[in-house]
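Colleague: Prediction below, plus the sequence it came from.
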4 protein chains.
Amino acid sequence: MEQVQEQGASQGRSPGRGRGRPRNAEADLAILDATRDLLVADGYDALTMQAIADRAGVARQTVYRRWPSKSRLVADMMLSGNLAVGFEAPTDVAGTDPAIDAVRAWLHAAARQVTDASQVAVIRALASVAAENDDDGRLYATFTAPARAHLLALLRAGVEQGGIRRGADLDAAADAMIGAVLFTALTRTPSRPGSLDALADVLVEGLAAR
Amino acid sequence: MEQVQEQGASQGRSPGRGRGRPRNAEADLAILDATRDLLVADGYDALTMQAIADRAGVARQTVYRRWPSKSRLVADMMLSGNLAVGFEAPTDVAGTDPAIDAVRAWLHAAARQVTDASQVAVIRALASVAAENDDDGRLYATFTAPARAHLLALLRAGVEQGGIRRGADLDAAADAMIGAVLFTALTRTPSRPGSLDALADVLVEGLAAR
Amino acid sequence: MEQVQEQGASQGRSPGRGRGRPRNAEADLAILDATRDLLVADGYDALTMQAIADRAGVARQTVYRRWPSKSRLVADMMLSGNLAVGFEAPTDVAGTDPAIDAVRAWLHAAARQVTDASQVAVIRALASVAAENDDDGRLYATFTAPARAHLLALLRAGVEQGGIRRGADLDAAADAMIGAVLFTALTRTPSRPGSLDALADVLVEGLAAR
Amino acid sequence: MEQVQEQGASQGRSPGRGRGRPRNAEADLAILDATRDLLVADGYDALTMQAIADRAGVARQTVYRRWPSKSRLVADMMLSGNLAVGFEAPTDVAGTDPAIDAVRAWLHAAARQVTDASQVAVIRALASVAAENDDDGRLYATFTAPARAHLLALLRAGVEQGGIRRGADLDAAADAMIGAVLFTALTRTPSRPGSLDALADVLVEGLAAR
DNA sequence: TTTTAAGCGAGACGGTACGTCGTGTCTTGTT
DNA sequence: AACAAGACACGACGTACCGTCTCGCTTAAAA
């Protein structure tokens, strides 16, 4: 639904239909998988193109044929959906009533998952990659798009049910929640488990219908 | 509570008596200035110890004598006050009444300042540096300490004045605002400047006394 | 005695009947021409199979279908007669009398032609290719065969005419002349053009009947 | 006496006296030694900068700090005297009488030594390196300078003793001998042991006083 | 005619060396 | 001691070339 533009790995490929040997389609996935696994295991800085290629069972040049640099590869991996970022769809809250509780549940789940070491590695890599890829935040925006969409759906449901006042800026609230969660992961703020609950309370209160 | 020990540049050096040649005190500032300038201009990953030393008019080893690594240097630069982070002291709102408007004003000011390209570069660097430094959030805490202190003062004043309901988690609100502001700097394409204003409204509403 | 089997481009192919599409006969020549041109222009190490194929208007694989490697291709090019090595047939001295003057003329002509930059490039390539090809001198032997044959004919005529003493090792003299000429191409700075003339005098003197 | 210009490894070093940490003087020799050893053992194409650095107990970058490329390193090694090329000073013929026999002896010795596998590797590398270093044959000239000097000394002695006629071009004769010997090595002409003897005879005869 | 074997252009692939760059440490001579 | 200068070990980067392989298409002889 978000319809993230799927740039995929095929940039730099001539548009003329398949002349020459076609690229090994499995390699794309193998490389992205290897990138994810190694990133999660070792972090962004310890990531090596050679290690990625080795784990993908592919020559190093095959990686470079598809992606022009490490940061672009990692960026693409993050946008490919190959990486299941925890807070994207943490809980099935479809039937929750009132919907406002679903928002609270989402924040709880996100806070829990974002503490996980592998998620921390991914989010920190996001920061490094975005810094290298000077794309004006599109990477962050795209990366968090599923989470934002999920949250907005919850909030809109709240508006329908009357728990959230019509006219409140739902985007702003969603950004605040995502930002707070991500920055917690980025900076490894001492966990303080009640903090996000309190945030949820404040935001929910601010959105609540009188 | 903030109380992060100010490590400064003099680690590993008995501060009092010196046997040999004393360190060039100006070098510390020159290095921090050079680090800031280059970071703002080129971003964290394009930053080079050699370039910093050159711009500071100093040998590379002179930098390493004071800071053990690039990320620690940048971290220190951020904490040194050398870098004027926009939202640290945005507006003098001491006498504002009601205090709740001061919060709104702070968020507005922060939103405006955080749009600046050099601030974005610094905040992105903060994320990268925090990722490398494994200091359990102390960098983030110290970096945002002035802003947090300022905000908490405003919020407490609001509680006193009755505009903010007693019992609201002020720390959570402050963290949410700071996190959202910083994250917005990372993620926001320049096309949506009104976003933080909307966040301010939601949060202020959530904190407001009934 | 020379009798090096002319391998040509058609190795690994039953020559008579062909079931599938026949090879493009022009491609052989185009490839050899391209190889010569690029070799002369850029030298052996700057030579690239891709560049050869491009210049020949042919796919890279088409080159590899005919020659198994770069050095074998270059070797074959040298033996194909496609390349006009200067000293192969320098002067028509059939009727010269005494024949000893013909030898002198040959050396003079070779000395002159071998100074040409493109000849130098080829002769250097010969050395490089021979180094890679481990063919026990067959390349050298075939490459120089025309020159050797020509020289030996001259020398034998000299013996018949009495100008050259019976019993002199004509093969040795021919090899010495060819080796010296080739080596001069490799080593001689352009500043000493009279050197080979002097060699001619010495050799001719050494071969002369008392 | 030859006074080959010692370009050595120190090109690209600032002329201002030793500022900064001086280069490890032993490394130069270790690198040249390693280059020689590996070249002799494996040949020029199998030579690797990494292998050289490893064998020299040095980082790869340390090699590149001194020499800009593999071919320049090998060229320098060949000119450094580090490499004892067999035919440079094959036999002590100081007291031989007549001196003309010394020339014959030199050729015999050179022919024998040039057959040695390690010498062949070196001379073939010479061809490759000279081809890459497009220096108009200076490398060949310098490389063979000791041999040429040695031969010329022998020939001049022959002139003094009267065995060689005054006025013969000794340089030409020396070049012919060196050229023939080197080309034998380069092209691995089937050894034919009598060939060089015959060459010696022809040349000596050509040089001999009547 | 239909098969079928091969040639051909295009380009991906595994492998390997290249030369560059940055980090953090070490070693000179000078202040 | 600090300092400027710069060498050093280490290791990743991105590029280039080699020789092999696989596509889809074309070409001619064989069935």
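Modeller: All right, it came through fine. Please read all numbers here as calculations on a predicted model, not as lab measurements.

Colleague: What about the closest residue to chain D within chain A, how many residues nearby?
Modeller: Here the residue of chain A nearest chain D is residue A:50; by C-beta to the nearest C-beta that distance is 14.5 Å. For every residue, glycine as well, the C-beta is placed using N, CA and C. When neighbours are counted by other C-beta atoms under 10 Å in any protein chain shown, residue A:50 registers 10.

Colleague: I'd assumed residue A:59 was in contact with it.
Modeller: No - with contact defined as C-beta atoms under 8 Å, residue A:50 does not count as touching residue A:59 (9.9 Å).

Colleague: For the residue of chain A closest to chain D, give me its contacts.
Modeller: residue A:60 (C-beta atoms under 8 Å, 6 or more residues apart in numbering or on different chains).

Colleague: If we use 10 Å, what do you get?
Modeller: Going by C-beta atoms under 10 Å, 6 or more residues apart in numbering or on different chains, residue A:50 touches A:59-60, A:63.

Colleague: Which members of these are classed as buried?
Modeller: residue A:63 (16 or more other C-beta atoms under 10 Å in any protein chain shown).

Colleague: Filter the contacts of residue A:50 down to the ones in helices?
Modeller: Using DSSP state H, the subset of the contacts of residue A:50 located in helices is A:60, A:63.

Colleague: Looking at the contacts of residue A:50, spot the one nearest residue B:170.
Modeller: Using C-beta to C-beta, residue A:63 is the member of these that lies nearest residue B:170, at 49.3 Å.

Colleague: measure the closest one to residue A:40 for me?
Modeller: From residue A:63 over to residue A:40 the distance is 18 Å, taken as C-beta to C-beta, to the nearest Å.

Colleague: So which residues on chain A come close to chain C?
Modeller: Contacts of chain A with chain C, taken as C-beta under 10 Å from any C-beta of the partner chain, map to residue A:20.

Colleague: Skipping its backbone neighbours, what lies nearest the spatially most central residue of chain A in space?
Modeller: Nearest to the centroid of the C-alpha atoms of chain A, with distances taken as C-alpha atoms, centre = their mean, sits residue A:143, at 3.8 Å. Leaving aside its sequence neighbours, residue A:143 sits nearest to residue A:78 (C-beta to C-beta, 6 or more residues apart in numbering or on different chains; 5.4 Å).

Colleague: Secondary structure element holding that neighbour?
Modeller: Taking DSSP states H and E as the definition, one finds residue A:78 inside helix A:70-79.

Colleague: Show me what that helix is packed up against.
Modeller: Under the contact criterion of 3 or more C-beta pairs under 10 Å, 6 or more residues apart in numbering or on different chains; DSSP states H and E, helix A:70-79 touches helix A:25-42, helix A:49-56, helix A:60-66, helix A:117-132, helix A:138-161.

Colleague: which strands and helices sit next to the lowest-mean-pLDDT helix or strand in chain A?
Modeller: The weakest-scoring helix or strand in chain A, judged by mean pLDDT, DSSP states H and E, is helix A:194-207 (a mean of 74). Applying 3+ C-beta pairs under 10 Å, 6+ apart, we find helix A:194-207 packed against helix A:99-114, helix A:138-161, helix A:170-187, helix B:170-187, helix B:195-207.

Colleague: Could you report the distance from the residue nearest to the centre of chain A to DNA strand F?
Modeller: For residue A:143, the distance to DNA strand F equals 20 Å [C-beta to the nearest atom of the strand, to the nearest Å].

Colleague: for residue A:177, same thing?
Modeller: Separation of residue A:177 from DNA strand F (C-beta to the nearest atom of the strand): 34 Å.

Colleague: can you check residue A:180 too?
Modeller: 32 Å.

Colleague: So the residue in chain A positioned nearest to DNA strand E, which state does it fall into?
Modeller: Proximity of chain A to DNA strand E (C-beta to the nearest atom of the strand) peaks at residue A:20, 2.1 Å away. Of the three states, residue A:20 takes coil under DSSP: H, G, I helix; E, B strand; the rest coil.

Colleague: Torsion angles phi and psi at it?
Modeller: In terms of degrees, to the nearest 10, the main-chain angles of residue A:20 are phi 80, psi 170.

Colleague: Then residue A:162?
Modeller: Dihedral angles (degrees, to the nearest 10) for residue A:162: phi 90, psi -10.

Colleague: Please verify my assumption that residue A:130 contacts residue A:75.
Modeller: Yes - with contact defined as C-beta atoms under 10 Å, residue A:130 reaches residue A:75; the gap is 7.8 Å.

Colleague: if we can go back for a sec, looking at the contacts of residue A:50, spot the one nearest residue C:106.
Modeller: residue A:59 (53.3 Å).

Colleague: show me what contacts that closest one?
Modeller: By C-beta under 10 Å, 6+ apart, the contact set of residue A:59 is A:27, A:50, A:53, A:65.

Colleague: make it 7 Å
Modeller: For residue A:59, the contact set (C-beta atoms under 7 Å, 6 or more residues apart in numbering or on different chains) comprises residue A:53.

Colleague: Quickly note the distance from it to chain B.
Modeller: Here residue A:59 is placed at a distance of 26 Å from chain B (C-beta to the nearest C-beta, to the nearest Å).

Colleague: Show me where chain A dips below the pLDDT cut-off.
Modeller: Of all residues in chain A, those with pLDDT under 70 make up the ranges A:1-17, A:81-100, A:134-136, A:187-196, A:209-210.

Colleague: tell me which parts of it are close to chain B?
Modeller: Counting by C-beta under 7 Å from any C-beta of the partner chain, chain A comes close to chain B at A:45, A:124, A:127-128, A:130-132, A:134, A:136-138, A:140-141, A:144, A:168-169, A:171-173, A:175-176, A:178-180, A:182-183, A:186-190, A:195, A:198-199, A:201-203, A:205-207.

Colleague: ok, residue A:39 - how many residues close by?
Modeller: Counted by other C-beta under 10 Å, the residues lying close to residue A:39 total 24.

Colleague: Please read the previous query as pertaining to residue A:117.
Modeller: Residues near residue A:117, counting by other C-beta under 10 Å, number 10.

Colleague: now do residue A:67
Modeller: Neighbour number of residue A:67 under other C-beta under 10 Å is 23.

Colleague: and the closest residue to it other than its chain neighbours, what is it in contact with?
Modeller: Nearest residue to residue A:67, sequence neighbours excluded (C-beta to C-beta, 6+ apart): residue A:73, at 3.9 Å. Residue A:73 makes contacts with A:35, A:63, A:67, as judged by C-beta under 7 Å, 6+ apart.

Colleague: and which of the residues you listed is nearest to residue B:149?
Modeller: Comparing these against residue B:149 with C-beta to C-beta places residue A:35 closest, at 41.0 Å.

Colleague: Return the residues in contact with that closest one.
Modeller: So residue A:35 contacts A:52, A:73-74, A:77 (C-beta under 7 Å, 6+ apart).

Colleague: Spell out which parts of chain A neighbour DNA strand F.
Modeller: A:18-22, A:47-50, A:60-61, A:64, A:68-71 (C-beta under 7 Å from any atom of the strand).

Colleague: of the residues you listed, buried ones?
Modeller: Applying 16+ other C-beta under 10 Å to the residues of chain A next to DNA strand F flags A:47, A:49, A:70-71 as buried.

Colleague: Need the residues touching each of residue A:130 and residue A:75.
Modeller: residue A:139.
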